[in-house]
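A.B. asks: Make a model of this:
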Amino acid sequence: MGCTSRKIDQLRRQIPSFACVPGCHDCCGPVTASSEELSRLPVKSDAEHDAALAEWNCVHLGPHGCEVYDQRPLICRLFGTTPSLPCPRGRGPEVPIEAHVERQVHELIASTRQVLV
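C.D. replies: Residues are numbered from 1 along each chain as shown. Below you'll find the predicted structure:
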């Protein structure tokens, strides 16, 4: 496992979770992820990517929600945990993400090659 993959795993453990509104997918738009994160996700065809993008959705958003929830990218995990990426439905963890962890996530995103999921 590479250094970036270890850092991703470390950051994932530090991002607080919370219960979403059932059936809501307001934050499941197209996002970018590092190649390390992308390698953990199922490969989708160009047609699947095009169809999702045409609807402003993530290619991994299925009829019952995120199909890759356990492996979702860091940016997806940040939604709703910080005032800079609030849940549109007002949900969030009891204790928001620590500022230094959020900074580390943004620094990792900025330091890695990002591709459209």
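A.B. asks: Show me which residues of stretch 107-115 are buried.
C.D. replies: L108, I109, T112, Q114 (16 or more other C-beta atoms under 10 Å). (Glycine included, C-beta is placed from N, CA and C.)
A.B. asks: will you turn those into CSV that also has distance to G2, secondary structure and pLDDT?
C.D. replies: CSV is the format used below for the buried residues of stretch 107-115 (distance: C-beta to C-beta, whole Å; DSSP: H, G, I helix; E, B strand; the rest coil; pLDDT from 0 to 100):
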residue, distance to G2, secondary structure, pLDDT
L108, 13, helix, 96
I109, 16, helix, 96
T112, 11, coil, 95
Q114, 16, strand, 94
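A.B. asks: Which parts of the chain are helices?
C.D. replies: Per DSSP state H, the chain carries helices over the ranges 3-14, 35-38, 46-54, 74-78, 99-111.
A.B. asks: winner for burial among those helices?
C.D. replies: helix 74-78 (a mean of 20; mean count of other C-beta atoms under 10 Å).
A.B. asks: C28: which of the helices of the chain is closest?
C.D. replies: helix 74-78 (7.8 Å; C-beta to C-beta).
A.B. asks: what's the closest one packed up against?
C.D. replies: helix 3-14, strand 32-34, helix 99-111 (3 or more C-beta pairs under 8 Å, 6 or more residues apart in numbering; DSSP states H and E).
A.B. asks: Spatially nearest residue to T81 (excluding sequence neighbours)?
C.D. replies: I97 (4.3 Å; C-beta to C-beta, 6 or more residues apart in numbering).
A.B. asks: Contact partners for the one you found?
C.D. replies: Neighbouring residues of I97 by C-beta atoms under 8 Å, 6 or more residues apart in numbering: Q14, I15, P16, L78, T81, T82.
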